[in-house]
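*Asks:* Sequence first, then the predicted structure:
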Amino acid sequence: MYDKCDNKLPQGWVECQLGEVFEIVTGKTPPKKYPEYFNGDIPFVKPGDLDKEIYITQTEGDSLTVEGLKYAPNLPKNTVLVSCIGNLGKKAILGIIGSCNQQINAIIPNSYIENKYTYFYIDKIVPWLEANASATTVKILNKGKFEQAPFILPPLNEQKRIVEKIESEFAKIDEGLEHLKNAKEQIKQYRQSVLKSAFDGKLYKTSEWLNTVFENIIDVNPKTDIPTIDLKNLVSFLPMPSVYAETNKYDEELIQYEKVKKGYTKFQNQDVLFAKITPCMENGKTCIVNNLQFGVGFGSTEFHVLRSLGKILPEFIFYFVVQKSFRKQAQNVMTGAVGQRRVPADYLKNIKINLPTLEEQKRIVEEIKKRFTVADEVEKVVEDNIEKAKQLKQSILKKAFEGRLVPQDPTDEPATKLLEKIKQERKENDRK
């Protein structure tokens with residue numbers, strides 16, 4: 001038996017199951033050994049394609065040929081696609097005939113239910129999907145369980161009124177969100193302009209700066225002396241995902257020394273870690289490490305380690321390499337195959353820099369931090385408002401599926417009649 005909703009439904013509405021009102025199809029991936037199945041004009045949707053736009057007409061990855069649809073499901077236009085593995089409830093609507101892989105359940109459209117109503121409704125049942133998924137490392141909801149998900153069915157005319165009202169309200173919110181996203185981008189640009197001014201000598205400069213190269217003031221990928229550590233002791237470990245982009249923040253992990261003693265990058269307190277591989281380098285994954293267990297740490301081999309030789313502050317190094325202009329230049333000299341391109345260590349050693357005195361470096365770093373603090377406060381307000389906008393959307397959807405968003409019309413054909421028609425039509429189709 002499916003779970004009933006707590007709220008009392010409006011007159012003329014009915015609660016049923018997805019599988020009662022829709023044909024559900026799980027996707028399938030054609031074998032890669034048949035190249036004639038791929039690189040056609042038919043979109044082949046994967047979870048990564050979902051939740052970007054409401055309608056999908058093309059995909060960034062694989063696409064199928066007509067031959068490919070002999071293996072993968074042939075899904076009609078207006079099919080609602082829902083992720084059923086991992087991040088459950090991601091969704092989209094097929095804007096043309098298409099197909100999907102096995103990580104997606106496809107809700108085949110029918111003439112009694114507005115496809116956009118179904119699309120918006122998926123957000124309501126995400127908690128149900130998560131609660132009823134298999135309890136494995138990765139959440140999985142098979143077709144049989146997905147068919148049991150509760151579905152609230154209003155009269156068809158009311159479905160149309162609900163969709164129209166949701167779209168109208170969402171359009172207003174999205175307009176505000178666009179302004180907020182633009183504001184967030186402007187804050188990022190402001191930080192970069194602060195850094196440019198800092199290294200151009202416009203924030204603080206009282207003396208001539210020394211023109212030099214990194215290798216004269218920075219040890220690139222230095223040898224790190226490791227103290228005596230018991231193999232079972234926990235040490236600091238930083239995989240690449242633990243380092244945040246552009247923020248000088250990271251999440252330290254603790255791991256037994258014997259597991260990272262060999263095969264990892266070694267570093268010590270006050271070292272600057274600089275991601276050398278694409279796309280982490282372009283994204284600005286870099287940080288200054290501190291408070292490491294035993295004063296040393298271990299991390300991804302895709303980090304370059306930059307250690308001050310005493311004439312440059314670690315903070316000055318960090319702000320210099322986190323500049324977007326610096327990363328853009330480094331991107332142009334990356335070597336290696338596509339997807340595995342890296343910044344060579346020799347390139348870093350020969351980077352030119354105008355170096356102030358240590359005292360001026362301190363004043364410049366203080367000024368950068370002061371201006372960044374103001375930017376952070378503004379950004380926090382922007383992010384809070386973005387979150388409020390998202391919550392407002394959820395509030396609108398909640399009202400919609402409780403029958404409180406638009407007025408009911410007593411002349412509408414009740415949903416019980418719709419349900420009877422759907423069941424009758426499906427019986428007739430099964431006989432064919």
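*Replies:* Done, it's in.
*Asks:* now the end-to-end length of stretch 90-98.
*Replies:* 17 Å (C-alpha to C-alpha, to the nearest Å).
*Asks:* Sort out which residues of that stretch are buried, please.
*Replies:* 90-95, 98 (16 or more other C-beta atoms under 10 Å). C-beta coordinates here come from the backbone N, C-alpha and C atoms, glycine included.
*Asks:* Just those: which are in strands?
*Replies:* Mapping those onto strands (DSSP state E) picks out 91-94.
*Asks:* neighbours of Pro73, just the number please.
*Replies:* Using other C-beta atoms under 10 Å, Pro73 is surrounded by 18 other residues.
*Asks:* secondary structure element for it?
*Replies:* Assigned by DSSP states H and E, Pro73 belongs to no helix or strand.
*Asks:* Quickly note the distance from it to Glu425.
*Replies:* As judged by C-beta to C-beta, to the nearest Å, Pro73 and Glu425 stand 20 Å apart.
*Asks:* gap between Gly295 and Ser242?
*Replies:* Per C-beta to C-beta, Gly295 is found 19 Å from Ser242.
*Asks:* repeat for Tyr264
*Replies:* Counting by C-beta to C-beta, the gap from Tyr264 to Ser242 is 13 Å.
*Asks:* now do Gly299
*Replies:* 8 Å.
*Asks:* More neighbours: these two, which one.
*Replies:* Neighbour count, other C-beta under 10 Å: between Gly299 and Ser242, Gly299 has more, with 24 against 16.
*Asks:* Now for the nearest residue to that one once chain neighbours are set aside, how many residues are close by?
*Replies:* Residue nearest to Gly299 in three dimensions, not counting chain neighbours: Leu238, with 3.8 Å by C-beta to C-beta, 6 or more residues apart in numbering. Per other C-beta under 10 Å, the neighbour tally for Leu238 reads 23.
*Asks:* Same check on Leu309?
*Replies:* 12.
*Asks:* And for Phe237?
*Replies:* Using other C-beta under 10 Å, the number of residues around Phe237 comes to 21.
*Asks:* do the same with Tyr347
*Replies:* 19.
*Asks:* Please give the element, helix or strand, for it.
*Replies:* If you go by DSSP H and E, Tyr347 is part of helix 345-349.
*Asks:* Buried residues in that helix, which are they?
*Replies:* Neighbour-count burial for helix 345-349 [16+ other C-beta under 10 Å]: 347-348.
*Asks:* again, but for stretch 81-92
*Replies:* For stretch 81-92, a neighbour-count test (16+ other C-beta under 10 Å) marks 81-85, 88-92 as buried.
*Asks:* which outside residues touch that stretch?
*Replies:* 26, 45, 47, 49-56, 75, 80, 93-94, 100, 103-107, 119, 122-123, 125-126, 129-130, 133, 138-143, 146 (C-beta atoms under 8 Å, 6 or more residues apart in numbering).
*Asks:* Any chance you could spot the residue sitting in the middle of the protein?
*Replies:* Gly48 (9.4 Å; C-alpha atoms, centre = their mean).
*Asks:* The stretch 201-350 of the chain: strands as residue ranges?
*Replies:* In the stretch 201-350 of the chain, strands defined by DSSP state E, counting those that start in this stretch lie at 210-213, 218-220, 234-238, 253-256, 265-268, 272-275, 286-288, 296-299, 303-308, listed in chain order.
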